[in-house]
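A.B. asks: After the sequence you'll find the predicted model.
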2 protein chains.
Amino acid sequence: MPGIWVMRIGHRPQRDKRVTTHVALTARAMGASGIFVDTPDPVLEENVRSVAERFGGSFRVKTGVGWKDALKDFDGVSVQLTMYGQKLDEGLPKIPQDRDIMIIVGAEKVPFEVYERADLNISVGNQPHSEIAALAVLLDRFTAGKNLYSERDGNMSVVPNERGKTVVERPS
Amino acid sequence: MPGIWVMRIGHRPQRDKRVTTHVALTARAMGASGIFVDTPDPVLEENVRSVAERFGGSFRVKTGVGWKDALKDFDGVSVQLTMYGQKLDEGLPKIPQDRDIMIIVGAEKVPFEVYERADLNISVGNQPHSEIAALAVLLDRFTAGKNLYSERDGNMSVVPNERGKTVVERPS
């Protein structure tokens, strides 16, 4: 099955720790295989891995990997999410379902080279908002939400509940 | 036309400034009318208003409004987004399109009272990820993405572009 990867550009460990964590956990929750982050950040790796270990699945996280390196041997289609990109409804059908994809999301400023190198530049709306939101909407539409409640065999899992909290914890 | 409002609970100005800003801008970009934030935060208000003034539209932001106050005179349907909630596909059809809605999103820990008081508790997946992502997916599905490229009459606007950046700036 083709994989979905996320490449996070411009990560500054102190300033972006929470936002990049949200990017990573969103990618995982919505079925991506893993994330690359350009700046080395062992704390971020540890935090994301800790969630992935408890809740299951095989999400990969690797920091200290620049976007050029991530794309160099990547045999798939790269998609930059940017408010300047083509409309979502026009770009989405151009993303193949049968190949690996690499979704590039930047922090504040992304080098223009990325716009040139990405196979597709797609916007989720043309307003300034959030790369987390943009990633979530793209993944939800691209996967038709099919991974939202998939079984992941973690020690912890949550059972949907209309009013309370149902958490199942299995001995590890 | 009914309005979509967002209520942000548990905001800590220093720690959450970027995440709550993302929540607010996502709400605005996807067609919400405004956001309430429980903790007073004039800097956050200023930042969000600055975007709204430049890019147009009539998004409202008010901080220092607790969730009980926001809901007290609210004549509509309240929806808490939580990873413990009912499945999105089951909850979404229960949100009426012809009434105001208030979407409640918390920071790390939300009082159990909110689960009891909210008309609906809905999850966007049962994995831990991001309230920004959850809000984005809910709004995208609820509105069928119809606000993503709507005209907002701001001094600044972005024209979708497959490869570069096209920004139109009008004299104010």
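C.D. replies: That came through fine.
A.B. asks: Centre of the chain to the longest helix seen in chain A, how far?
C.D. replies: Scanning chain A for the longest helix, with DSSP state H as the assignment, gives helix A:13-29. Relative to its parent chain, helix A:13-29 has a centroid offset of 9 Å by C-alpha atoms, centre = their mean, to the nearest Å.
A.B. asks: helices or strands next to that helix in the packing?
C.D. replies: Packing partners of helix A:13-29 (3 or more C-beta pairs under 8 Å, 6 or more residues apart in numbering or on different chains; DSSP states H and E): strand A:4-9, strand A:34-37, helix A:42-55, helix A:131-143, helix B:13-29, helix B:131-143. Every residue, glycine included, has its C-beta placed from N, CA and C.
A.B. asks: Work out which residue lies at the spatial centre of chain A.
C.D. replies: Centroid-nearest residue in chain A, with C-alpha atoms, centre = their mean: A:Ala27, separated by 3.2 Å.
A.B. asks: Skipping its backbone neighbours, what lies nearest that one in space?
C.D. replies: Using C-beta to C-beta, 6 or more residues apart in numbering or on different chains and skipping residues adjacent in sequence, the residue nearest A:Ala27 is A:Val6, 4.5 Å away.
A.B. asks: buried residues in the longest strand anywhere in chain A?
C.D. replies: Longest strand of chain A, by residue count under DSSP state E: strand A:76-86. Using 16 or more other C-beta atoms under 10 Å in any protein chain shown as the test for burial, strand A:76-86 gives A:76-86.
A.B. asks: now stretch A:59-75
C.D. replies: A:59-61, A:63, A:65, A:67, A:70-71.
A.B. asks: and those residues, which of them are in strands?
C.D. replies: In this view, the buried residues of stretch A:59-75 that belong to strands under DSSP E are A:60-61, A:63.
A.B. asks: Output the residues you listed as JSON lines; include the columns pLDDT and distance to chain B.
C.D. replies: Formatted as JSON lines, these follow (pLDDT from 0 to 100; distance: C-beta to the nearest C-beta, whole Å):
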{"residue": "A:Arg60", "pLDDT": "98", "distance to chain B": "16"}
{"residue": "A:Val61", "pLDDT": "98", "distance to chain B": "14"}
{"residue": "A:Thr63", "pLDDT": "98", "distance to chain B": "18"}
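A.B. asks: Which of the residues in stretch A:145-153 are classified as buried?
C.D. replies: In stretch A:145-153, counting by 16+ other C-beta under 10 Å, buried: A:145, A:147-149, A:152.
A.B. asks: Closest one to chain B out of the residues you listed, please.
C.D. replies: Closest approach between those and chain B, by C-beta to the nearest C-beta: A:Leu148, at 3.7 Å.
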